[in-house]
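>>> Just the structure for this:
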Amino acid sequence: MLDSHQKFHIAYLCSSLGWGGLEMNHLRNALWMSERGHDVSIICTKQSPLHEAVKKTDLRVIAIRKPSKHYAFFSAFQLRKKLSALKVTDLMIRSSFDMSIAASISFFSGRKIRSHFFMEMMFLSNKQQFFRTIRYSFLDSWVCSLEYMKELVSSATRIDAKKLQVIPSGLDFRKVALMPKELAREQLGFLENHILFGMIGRIDRKKRLDLAISALKMCQNPHFQLFFIGAVTPDTRDSYLAELQQSINEFGLEKQVHFLGFQENTSVYYRAMDAVIMASDFETFGMGTIEAMAQKTPVIATNAGGSKELLTRFPFGKLISPHSKEELAQAMVNIPKSEYPKFDFDVFQAHFNHENICEKVERNILSKERTR
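This is a model prediction of the structure:
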């Protein structure tokens with residue numbers, strides 16, 4: 001518990017209608033900061049998955065209509081009044097979609113409410129346009145979870161370098177229970193001779209589930225099992241799931257590929273796996289990577305973005321070329337006989353422990369002198 005003079009009044013804004021890593025991270029961080037004695041509110045879109053999840057907690061919730069991505073001035077003005085009444089001094093966002101309203105809230109409050117962007121999705125294009133530069137100027141901090149992200153943001157934007165911070169995403173290791181792998185597999189109904197691969201996250205084209213299915217076909221091993229944990233983003237018109245199911249049928253993999261939907265507790269799935277697959281062309285950070293490592297399960301990931309930095313620093317898995325079903329298949333075949341450098345779990349845990357992450361946010365973000 002913090003001393004009274006260390007207490008901050010914080011609001012976490014997320015207008016997303018989805019329910020994936022970004023939204024879950026936002027809620028987790030809000031809960032952690034509340035546990036540490038801060039006054040915390042969550043701002044979310046009415047009847048969104050995040051709204052439903054927040055209602056199950058003790059956090060204060062402010063439900064809003066989904067604002068527009070650009071020039072959400074009216075929504076920002078109305079929200080600023082509510083936040084000022086709650087004495088909120090710091091506003092946290094994770095989605096670039098919410099940047100406009102966050103910057104506007106900072107403007108309408110006379111910068112009494114500071115806005116902080118915790119970057120979850122990396123952009124690979126130039127963001128130096130005049131209107132973006134003006135918007136970014138109303139952010140008091142831009143937090144990257146890895147060093148490569150800071151370098152890319154610095155080169156692709158005109159944001160003040162003093163506002164850039166590197167604070168990794170965190171995990172609550174109190175909730176990491178290392179169940180025996182045999183017991184985890186038994187609970188999920190897999191056989192002893194099965195080799196299990198899994199992908200955890202929303203069903204999205206960018207995650208390249210299709211690449212994993214194609215690689216599984218190339219392996220030609222009936223003992224290999226591939227399962228997907230996650231759901232399609234609500235209200236999407238994308239036919240990706242139907243396309244995946246069609247490929248599974250054409251390849252004759254109906255008995256080897258399993259869609260298990262969204263799961264609240266993924267620990268048993270991580271422990272049951274022989275390896276986690278992160279096949280997306282570019283993973284900004286990769287919560288699935290550190291969640292797998294926390295369960296001492298190796299990761300096969302694309303040699304780009306966050307996966308590259310994480311697996312280079314903590315080499316517990318295999319990096320493969322983007323788009324390469326051949327390299328993915330070879331990595332899957334080699335998993336049962338692979339050996340990895342000694343995994344220093346204590347160093348890993350200290351780096352990503354949520355208490356250490358929260359302390360960095362308090363010290364480097366909330367306690368930092370206001371920028372102009």
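>>> measure the nearest residue in space to Phe314 that is not next to it in sequence to Lys342 for me?
Sequence neighbours aside, Phe348 is the residue nearest to Phe314 in space, at 5.6 Å (criterion: Cβ to Cβ, 6 or more residues apart in numbering). To be clear about C-beta, it is placed using only N, CA and C from the backbone, and glycine gets the same treatment. Applying Cβ to Cβ, to the nearest Å, one obtains 12 Å for the distance of Phe348 from Lys342.
>>> Show me which of the two is the more surrounded one.
When Phe348 is set against Lys342 and neighbours are counted by other Cβ atoms under 10 Å, the residue ahead is Phe348, at 20 against 7.
>>> Report pLDDT for the more buried one.
Among the per-residue scores, Phe348 holds a pLDDT of 94.
>>> Now tell me what touches the helix or strand containing it from outside.
Assigned by DSSP states H and E, Phe348 falls within helix 345-352. Contacts made with helix 345-352 from outside it, assessed by Cβ atoms under 8 Å, 6 or more residues apart in numbering, are listed as Pro168, Ser169, Gly170, Leu171, Phe173, Ile290, Met293, Ala294, Lys296, Phe314, Asn356.
>>> Now, of these, which are buried?
Buried members of the contacts of helix 345-352, scored by 16 or more other Cβ atoms under 10 Å, are Pro168, Ser169, Gly170, Leu171, Ile290, Met293, Ala294, Phe314.
>>> Lys296 contacts Leu178, correct?
Yes - using Cβ atoms under 8 Å, Lys296 is in contact with Leu178, at 6.6 Å.
>>> Outline the domain layout of the protein.
What automatic domain parsing lists as the domains of the chain is 4-170+353-366, 174-351.
>>> Between the two ends of the shortest one, how far is it?
If I follow you right, that is domain 174-351. For domain 174-351, the first and last residues are 15 Å from each other (Cα to Cα, to the nearest Å).
>>> For Arg94, state which of the buried ones among the contacts of helix 345-352 is nearest.
Looking at those and their distance to Arg94, the nearest is Ser169, at 10.0 Å (Cβ to Cβ).
>>> pLDDT at that closest one, what is it?
On the pLDDT scale, Ser169 is placed at 94.
>>> any idea how far the residue lying closest to it once chain neighbours are set aside lies from Glu182?
What sits nearest to Ser169 in space, not counting adjacent residues and going by Cβ to Cβ, 6+ apart, is Ser145, at 5.0 Å. Between Ser145 and Glu182 the computed distance is 34 Å (Cβ to Cβ).
>>> wait, doesn't Gln187 sit right on Tyr269?
No - counting by Cβ under 8 Å, Gln187 does not reach Tyr269; the two are 9.7 Å apart.
>>> More neighbours: those two, which one.
Higher neighbour count among Gln187 and Tyr269: Tyr269, with 23 against 13, using other Cβ under 10 Å.
>>> so which helix or strand takes in the more buried one?
Tyr269 belongs to helix 267-272 when assigned by DSSP H and E.
>>> For that helix, which helices and strands make contact with it?
helix 181-188, strand 195-200, helix 287-294 (3 or more Cβ pairs under 8 Å, 6 or more residues apart in numbering; DSSP states H and E).
>>> Tell me how far that helix lies from the chain's centre.
18 Å (Cα atoms, centre = their mean, to the nearest Å).
>>> And for Ile167, the neighbour number?
The local packing of Ile167 (other Cβ under 10 Å) involves 20 other residues.
>>> where does it sit relative to Gly288, distance-wise?
Taking Cβ to Cβ as the criterion, Ile167 is separated from Gly288 by 19 Å.
>>> and if you look at Ile335?
Noted for Ile335: a distance of 16 Å to Gly288, by Cβ to Cβ.
>>> now do Val166
Applying Cβ to Cβ, the value for Val166 to Gly288 is 20 Å.
>>> Looking at those two, which one has more neighbours?
When neighbours are counted by other Cβ under 10 Å, Gly288 comes out ahead of the other of Val166 and Gly288, with 26 against 15.
>>> Would you enumerate the residues in contact with Met293?
Val299, Phe314, Phe316, Phe343, Phe348.
>>> wait, doesn't the third one sit right on Lys342?
Put plainly, it is Phe316. No - at 9.6 Å, Phe316 does not count as touching Lys342 under the criterion of Cβ under 8 Å.
>>> who touches Trp32 in this structure?
Gly170, Asp172, His354, Ile357, Cys358.
>>> same check, this time on Ile105
For Ile105, the residues meeting the contact criterion (Cβ under 8 Å, 6+ apart) are Ala76, Leu79, Arg80, Leu83, Leu91, Ile113, Ser115.
>>> Tell me where this protein has strands.
For the chain, the strands defined by DSSP state E cover 9-14, 39-45, 60-64, 90-93, 114-118, 141-144, 164-166, 195-200, 224-229, 257-259, 275-278, 299-302, 317-320.
>>> Can you check the pLDDT for Met273?
The score at Met273 is 95. That number is its pLDDT.
>>> Around it, how many other residues sit close by?
Burial of Met273, expressed as a neighbour count using other Cβ under 10 Å, amounts to 29.
>>> go on, Gly37?
Taking other Cβ under 10 Å as the neighbour definition, Gly37 ends up with a count of 14.
>>> shouldn't it be in contact with Gln6?
Yes - at 7.4 Å, Gly37 counts as touching Gln6 under the criterion of Cβ under 8 Å.
>>> which non-adjacent residue is nearest Val268?
Leaving aside its sequence neighbours, Val268 sits nearest to Ala184 (Cβ to Cβ, 6+ apart; 4.9 Å).
>>> and the one you found, how many neighbours?
The burial count for Ala184: 20, using other Cβ under 10 Å.
>>> didn't it look like it was pressed against Arg271?
Yes - checked against Cβ under 8 Å, the pair Ala184 and Arg271 is within contact range at 3.9 Å.
>>> What does the pLDDT read for Thr233?
73.
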